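**Student:** Make a model of this:
(one chain, ligands or ions: 2)
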Amino acid sequence: MQITNNNLGGKDCGHKTATTLIQNVVLNATKNTIFTKQVLFFVFLVHIQNIRDKMHLAKKLDKLPPKREKVETLEIFRQLSKSSKSLGELKGIAQTIPNQEMLINAVVLQEAKDSSEIENIITTQDELYKALATKTKQSSQVKEVINYRKAIFLGHDLLKSQGFLKLKDIEYLQKVIIENNAGIRSMAGTVLKNDKTGEVVYTPPQEKDEILDLLSNFLEHFNIEHNDFPPLINLAILHYQFESIHPFYDGNGRTGRILNILYLIINKLLDIPILYLSSYINEKKSDYYRLLNTVNKFDEWEDYILYILKGIEETSNRTIHKIKSINDLLNETIEVVQEKEPKIYRKELIELLFEQPYSKIEYVVKKLNVERKAASRYLNSLEKIGIIASEKIGREKIYVNKKLIEVLKQH
Ligand SMILES: Nc1ncnc2c1ncn2[C@@H]1O[C@H](COP(=O)(O)OP(=O)(O)OP(=O)(O)O)[C@@H](O)[C@H]1O
Ligand SMILES: [Mg+2]
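**Tutor:** Ligands and ions are numbered 1, 2, ... in the order given. Modelled structure (predicted):
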């Protein structure tokens, strides 16, 4: 999706071309051939279409809630029950994992990578872990991914401390992601264009007062536990609404995706931030944009809501599978170390390798409260039996849990 500022020319150009064509055709109409009549009729149709599109584009964004009959259809309820079941299972399985931090770290880093890919910020797992574990210089792409991860943790902390979000919290999250102070849009001119054709597909509200008014209506629905609609339907509605208000010059997609997970936590559908739609959206990106457009233009919600609900079902199932694989690997690793290096076996040591797939001597010193020498001996022993592999990055030595990295990479 291409976002352009101060460029409302896309549709105008089409309009002008059609008008000029009409004039030319009218001039030539003196010849009055059948062919000219046909062209005239065709141009007339194009002209009407242009005006209709313009009317859709100019349509004001409605406040929440949408009409009940538009968002509560039989199909939606059928899918809702499947999505709720998968999400409930995910919540249950996550609660059985003793080391929650390990889980959150693994899932959130993967999400930061997937979400940033929607904006074409491509990084590898390796680059990210290295950037987190060492002081090497970060590329701007890695930095953006790490900022996104930071924003998820900040949002989660805000919810833990206050239980809801204020407008200034959302502004803060966006600021962390984008690393600038532009804040809520105050200059008109932002339009959303189709990447390939350059066509303007949506014009969000332009006036700051209108944006603020819509945001306060959005927050009223975001922060209430019991809402007009079942929470997963409401999540889809809220996501649409936030993206359509498009309050910032940039980072609206990423901020909106963080709001999704925070909304699930507010509604106690999850305890920790481990469900994300980004990989699903990445795979079905053109459907995502098309369906947002269908709501914009025609107020038709069903397919869009089904898309989001299916995403929740699919990604919950994927995440359940991933959590199981991580947990199996953890247990397997514990068994191997207990058998082959019983003298150095400490549960916290093995858990550390799962909390920090790229580990360092300092981490062991801190976590186990041991001397550097002992920490280094532990890591070297684990390397000897193939649990980790060391790598030198600049002057630092890091120890990689390669099997875990493989599991994290899988979808
Ligand atoms: N027709 C539309 N109506 C409403 N919102 C749209 C429409 N098309 C795209 N969007 C939203 O705009 C977002 C992109 O906006 P922006 O570039 O500000 O966010 P980003 O975080 O930088 O990008 P991205 O979401 O691509 O990572 C998309 O993720 C999508 O949610
Ligand atoms: Mg962008």
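
**Student:** In which helix or strand does Leu215 reside?
**Tutor:** Leu215 belongs to helix 208-222 when assigned by DSSP states H and E.

**Student:** Is any residue of that helix near ligand 1?
**Tutor:** No - against ligand 1, helix 208-222 shows no contacts by Cβ under 6 Å from any ligand atom, the least distance being 12.6 Å. Placement of C-beta: from N, CA and C, glycine included.

**Student:** Could you list every helix and strand in contact with that helix?
**Tutor:** helix 167-178, helix 231-245, helix 252-266 (3 or more Cβ pairs under 8 Å, 6 or more residues apart in numbering; DSSP states H and E).

**Student:** and for the shortest one, what are the contacting residues?
**Tutor:** It stands for helix 167-178. 144, 147-148, 150-151, 154-155, 158, 181, 183-184, 212, 215-216, 219, 247-248, 250-252, 254-255, 258-259 (Cβ atoms under 8 Å, 6 or more residues apart in numbering).

**Student:** Counting neighbours, which bits of that helix end up buried?
**Tutor:** Using 16 or more other Cβ atoms under 10 Å as the test for burial, helix 167-178 gives Asp169, Ile170, Glu171, Tyr172, Leu173, Gln174, Lys175, Val176, Ile177, Ile178.

**Student:** of all those, which two lie farthest apart?
**Tutor:** The span of the buried residues of helix 167-178, defined through Cβ to Cβ, is set by Asp169 and Ile178 at 15.2 Å.

**Student:** which residues does the residue in the chain that ligand 1 sits nearest to contact?
**Tutor:** Proximity of the chain to ligand 1 (Cβ to the nearest ligand atom) peaks at Gly253, 1.7 Å away. Contact analysis of Gly253 by Cβ under 8 Å, 6+ apart lists Met1, Ser115, Ile118, Glu119, Glu243.

**Student:** If you rank those residues by neighbours, which is first?
**Tutor:** Ser115 (26 neighbours; other Cβ atoms under 10 Å).

**Student:** Tell me the residues of the stretch 151-300 of the chain that contact ligand 1?
**Tutor:** 192, 201-202, 243-244, 250-254, 256, 289, 292-293, 296.

**Student:** can we see that at 5 Å?
**Tutor:** Within the stretch 151-300 of the chain, the positions near ligand 1 by Cβ under 5 Å from any ligand atom are 192, 202, 243-244, 250-254, 289, 292-293, 296.

**Student:** Go through those residues and name the one nearest Glu371.
**Tutor:** Nearest to Glu371 out of these is Arg254 (Cβ to Cβ; 42.4 Å).

**Student:** Could you tell me how many residues sit around the closest one?
**Tutor:** Residues near Arg254, counting by other Cβ under 10 Å: 26.

**Student:** follow-up on the earlier one: would you turn the helices and strands packed on helix 208-222 into CSV with distance to Arg78 and mean pLDDT?
**Tutor:** Listed next are the helices and strands packed on helix 208-222 as CSV, based on distance: least, Cβ to Cβ, whole Å; pLDDT from 0 to 100:
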stretch, distance to Arg78, mean pLDDT
helix 167-178, 33, 98
helix 231-245, 12, 98
helix 252-266, 21, 97
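
**Student:** nearest spatial neighbour of Lys130, skipping sequence neighbours?
**Tutor:** Ile393 (5.9 Å; Cβ to Cβ, 6 or more residues apart in numbering).

**Student:** what stretches of the chain score poorly on pLDDT?
**Tutor:** The chain contains residues with pLDDT under 70 at 1-36, 39, 42-58, 225-226.

**Student:** follow-up on the earlier one: to Glu111, which of the helices and strands packed on helix 208-222 lies closest?
**Tutor:** The nearest among the helices and strands packed on helix 208-222, by Cβ to Cβ, is helix 252-266 at 8.2 Å.

**Student:** That closest one: how far from the chain's middle?
**Tutor:** 8 Å (Cα atoms, centre = their mean, to the nearest Å).

**Student:** could you give the angle of it to helix 231-245?
**Tutor:** 150 degrees (axes from the mean of the first three to the mean of the last three Cα atoms, to 10 degrees).

**Student:** Just the CA trace of helix 252-266, in CSV.
**Tutor:** What follows is helix 252-266 as a C-alpha-only set of coordinates in CSV (Å, rounded to 0.1, in the frame of the first residue of the first chain):
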residue,chain,number,x,y,z
ASN,A,252,-0.7,3.1,11.1
GLY,A,253,-0.6,-0.6,10.0
ARG,A,254,2.1,-1.6,12.6
THR,A,255,0.4,0.5,15.4
GLY,A,256,-2.9,-1.1,14.5
ARG,A,257,-1.5,-4.6,14.6
ILE,A,258,-0.1,-4.0,18.1
LEU,A,259,-3.5,-2.6,19.2
ASN,A,260,-5.0,-6.0,18.1
ILE,A,261,-3.0,-8.0,20.5
LEU,A,262,-3.5,-5.5,23.3
TYR,A,263,-7.3,-5.7,22.7
LEU,A,264,-7.2,-9.5,23.1
ILE,A,265,-5.4,-9.0,26.5
ILE,A,266,-7.9,-6.3,27.7
